[in-house]
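# output the structure for:
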Amino acid sequence: MDLKTLGWNQQFENEFDTFKQEGYSVGRVALEHKHMYRVLTEHGEVLAEVSGKFQYNAAGRGAYPAVGDWVVLSIRKDEGKATIHHVLQRKSKFSRNIAGATTEEQIVAANVDTVFIVAALNADFNVRRIERYMLMAWESGANPVIILSKADLCQDIDEKVQETESVAIGVPFHVVSAERSIGLDALSDYIKEGNTVALLGSSGVGKSTLVNAFTGKETLKTGGIREDDDRGRHTTTHRELVVLEQGGILIDTPGMRELQLWESDSGLSQGFSDIEELASRCKFRDCGHNGEPGCAVHDAIEQGDLDAERYKSYLKLQKELAYLERKEDKQLAQAQKDKWKKVTMGQRKKK
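Here you go, the predicted model:
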């Protein structure tokens, strides 16, 4: 397979050059499953695992290969297997904090050009969830695009479009129905040869159906909607990279009901630029927006120019990021301590 078709560029070429001279190969991770990876290479598809040295040096879960990563390999062609020695520097990555109480980075997709934030226009439509996805998309380094799917199941499209417009500041959005092939042509502009698009959203919003619409066949399983709450069933259980025959790469991801933030400071500013612009107009620089005189944010809410729920969402995300940062600082300090302990023990064994 031609590497350029897979998204290879000069940045990756420059970094790989040293490894190339040492006889290594390169490939792109298409599927991850229990520390085994399906990797696409010029020599075909191989099943790979990381080397022992890689595991020893890995600084946490985020250092391991993720779907979309370019990895340095030694390939055993006769077996169709390979060993991963290094992950090339990512040009972008969509990360979240893993589900549960632990603070640890989980990379959902790497080296993505565009993020399709897919939200279904049914009873499970949630504009606050869209805000959260946008924050993480901005932080990833990729360009977010909102896809309002399942238009054929919605009776109040205009109302939900207006809700989306109120939060999608500077972000394009499209109303589509993959089942009826409505609005798909507009999405083709983002899916070009060498470009990678990751589809993100909750279960049942139609991500796999969109992938199937672009491949022209049932590449991925799809599921219906539960009648009791209008939410989707889990169909995609893993992240998977799909190369389209007409050019372009899609990464489908499992639905994420629990979407915990991971590093979204700049994303917060981009996603809530309207609120931060209002805050810059407050009379006092340290305004807490709690009714102080000359508070532009409070005035905008009172006059109906700023949705109070949107402002509450902004404050909630701010607090969540501050809490995450405090927890991460403690874990980084412990990780550094453990690393040096491991190095010291290794030196003692040599003696």
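
# strands along the stretch 151-300 of the chain, start to end?
According to DSSP state E, counting those that start in this stretch, the stretch 151-300 of the chain carries its strands in the segments 173-175, 196-200, 240-243, 249-252.

# please work out the average pLDDT along the last one.
Just to be clear, that refers to strand 249-252. Per-residue pLDDT over strand 249-252 has a mean of 92.

# so, low pLDDT: which residues of the stretch 51-200 of the chain?
Residues of the stretch 51-200 of the chain that meet the criterion pLDDT under 70 lie in 96-104.

# how near is the residue nearest the centre of the chain to Val87?
A centroid search over the chain (Cα atoms, centre = their mean) returns Phe94, at 3.0 Å, as the residue closest to the centre. Taking Cβ to Cβ, to the nearest Å as the criterion, Phe94 is separated from Val87 by 15 Å. C-beta here means a position set from N, CA and C on the backbone, and glycine is covered the same way.

# equivalent analysis for Gly60, please.
With distances taken as Cβ to Cβ, Gly60 is found 13 Å from Val87.

# more crowded one of these two?
Val87 (19 against 11; other Cβ atoms under 10 Å).

# contacting residues around the more buried one?
Ala63, Tyr64, Pro65, Asp69, Trp70, Val71, Val72 (Cβ atoms under 8 Å, 6 or more residues apart in numbering).

# ok, 7 Å please
Shown here is Val87, whose contacts under the criterion Cβ atoms under 7 Å, 6 or more residues apart in numbering are Pro65, Asp69, Val71.

# next, it: phi, psi?
Backbone dihedrals for Val87, given as degrees, to the nearest 10, come out at phi -110, psi 120.

# over to Thr5?
The phi/psi pair for Thr5 (degrees, to the nearest 10) is phi -60, psi -30.

# and what of Val115?
Taking degrees, to the nearest 10, you get phi -110, psi 120 for the backbone angles of Val115.

# residues near the closest residue to it other than its chain neighbours, how many?
Leaving out its chain neighbours, the residue that sits closest to Val115 by Cβ to Cβ, 6 or more residues apart in numbering is Ala137, at 4.2 Å. Applying other Cβ under 10 Å, we find 28 other residues in the vicinity of Ala137.

# right, so of the strands of the stretch 151-300 of the chain, which gets closest to Glu105?
The stretch from the strands of the stretch 151-300 of the chain with the least distance to Glu105 (Cβ to Cβ) is strand 196-200; that distance is 16.1 Å.

# got the buried residues for the top strand by length along the chain?
Secondary structure of the chain per DSSP state E: the longest strand is strand 25-33. Neighbour counts using 16 or more other Cβ atoms under 10 Å place Ser25, Val26, Gly27, Arg28, Val29, Ala30, Leu31, Glu32 of strand 25-33 among the buried residues.

# remind me what it packs against, helices and strands.
strand 36-41, strand 70-76, strand 240-243 (3 or more Cβ pairs under 7 Å, 6 or more residues apart in numbering; DSSP states H and E).

# quick check: mean pLDDT across the first one?
Per-residue pLDDT values across strand 36-41 average out to 96.

# now do the longest strand of the chain against strand 196-200, angle only.
The directions of strand 25-33 and strand 196-200 differ by 10 degrees, with axes from the mean of the first three to the mean of the last three Cα atoms, to 10 degrees as the criterion.

# identify the residues contacting strand 25-33?
For strand 25-33, contacts defined as Cβ under 7 Å, 6+ apart pick out 6-7, 16, 37-41, 43, 46, 65-73, 75, 238-241.

# apply 6 Å and report the result again.
Residues from elsewhere that reach strand 25-33 (Cβ atoms under 6 Å, 6 or more residues apart in numbering): 6, 16, 37-41, 65, 67, 69-70, 72-73, 75, 238, 240-241.

# brilliant, that's me finished.
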